[in-house]
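S.K.: What shape does this take:
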Amino acid sequence: MTTETEQRCVICKSPIHEGATKCIQCGSYQNPFYRFLTGIDVKSIVALIPIATLAFVFIKDQMITPRSDLKIASLDCKIDTITVAAANLGNRDALFAGVDLIRGDSTRIKMSFSAIPKSELLVPSGKTNIYELKALGSDGSSLGLKFDEQGFCDYRLKIRALEFEQSIDAPKSICACPEK
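M.R.: From the prediction side, this is the model:
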């Protein structure tokens, strides 16, 4: 029989004293928070840590988009040849297609690669390639950069590359008066 100072266990319904935190009969805590904490198996949680870590790594790898990041720098400017370095700082291969030289008066000169196989135009991730480019006519003869008499010879480089998830950083410097 329960008296006015007793209440019932929430699990086994045995009479317990009012304000008791644990039942003497079944050993269960009366507070839901304490029941939750005592029901947690630490070994189970420790076993889930490697699984959760692998899941996180897999999801992270799936979320990172492979992307090339092509950085170009002019190394040497001559009357008919420009040497550039193409560095790929991304995590995907990049395809370097060439350079156009643009004078201050917007004249554009398309530079061609000096006899290199097409396979060498691919800049692998984390690598740097050096290219020698020439201003060539349709017949293959050298055009030179055609400087005017006023000594105007500052050129900007405009990079040409195949566009597939790649960003291109054109050099901030210009190709100054080349050596003759």
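
S.K.: Report the rounded mean pLDDT for the host helix or strand of Asp76.
M.R.: Using DSSP states H and E, Asp76 sits in strand 68-77. Throughout strand 68-77, pLDDT has a mean value of 81.

S.K.: List the contacts of the very next helix or strand once past it.
M.R.: Next along the chain after strand 68-77, taking DSSP H and E as the criterion, comes strand 81-88. Identification of contacts with strand 81-88 by Cβ atoms under 8 Å, 6 or more residues apart in numbering yields 68-77, 94, 96, 99, 101, 111, 114, 123-134, 157, 171, 175, 178. Any C-beta I mention is one placed from the backbone N, CA and C, and that applies to glycine too.

S.K.: same thing with stretch 36-50?
M.R.: Residues contacting stretch 36-50 (Cβ under 8 Å, 6+ apart): Tyr29.

S.K.: Please compute how far it lies from its chain's middle.
M.R.: Centre-to-centre, stretch 36-50 and its host chain are 36 Å apart (Cα atoms, centre = their mean, to the nearest Å).

S.K.: coming back round to it: give me the buried subset of the contacts of strand 81-88.
M.R.: 68-74, 77, 94, 96, 99, 101, 111, 123, 129, 131-134, 157, 171, 175, 178 (16 or more other Cβ atoms under 10 Å).

S.K.: Show me the protein divided up by domain.
M.R.: Using automatic domain parsing, the domains assigned to the chain come out as 6-63, 68-169.

S.K.: tell me which element Leu133 is part of?
M.R.: Element membership for Leu133, per DSSP H and E: strand 128-134.

S.K.: Then Ile59?
M.R.: helix 42-63.

S.K.: Quick one: mean pLDDT for that helix?
M.R.: Taken as a whole, helix 42-63 has an average pLDDT of 84.

S.K.: pull the CA atoms of it into PDB?
M.R.: Below are the C-alpha coordinates for helix 42-63, written out as PDB (Å, rounded to 0.1, in the frame of the first residue of the first chain):
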ATOM      1  CA  VAL A  42      30.400   4.000 -24.100                       C
ATOM      2  CA  LYS A  43      31.800   1.100 -26.200                       C
ATOM      3  CA  SER A  44      29.100   1.700 -28.800                       C
ATOM      4  CA  ILE A  45      30.000   5.300 -29.100                       C
ATOM      5  CA  VAL A  46      33.700   4.600 -29.300                       C
ATOM      6  CA  ALA A  47      33.000   2.100 -32.100                       C
ATOM      7  CA  LEU A  48      31.100   4.700 -34.100                       C
ATOM      8  CA  ILE A  49      34.000   7.200 -34.100                       C
ATOM      9  CA  PRO A  50      35.900   5.500 -36.900                       C
ATOM     10  CA  ILE A  51      32.700   5.100 -39.000                       C
ATOM     11  CA  ALA A  52      31.800   8.800 -38.500                       C
ATOM     12  CA  THR A  53      35.400   9.800 -39.400                       C
ATOM     13  CA  LEU A  54      35.400   7.800 -42.600                       C
ATOM     14  CA  ALA A  55      31.900   9.200 -43.600                       C
ATOM     15  CA  PHE A  56      33.200  12.700 -43.000                       C
ATOM     16  CA  VAL A  57      36.300  12.200 -45.200                       C
ATOM     17  CA  PHE A  58      34.200  10.600 -47.900                       C
ATOM     18  CA  ILE A  59      31.700  13.400 -47.900                       C
ATOM     19  CA  LYS A  60      34.500  16.000 -47.900                       C
ATOM     20  CA  ASP A  61      36.200  14.400 -50.900                       C
ATOM     21  CA  GLN A  62      32.900  14.400 -52.800                       C
ATOM     22  CA  MET A  63      32.300  18.100 -52.000                       C
END
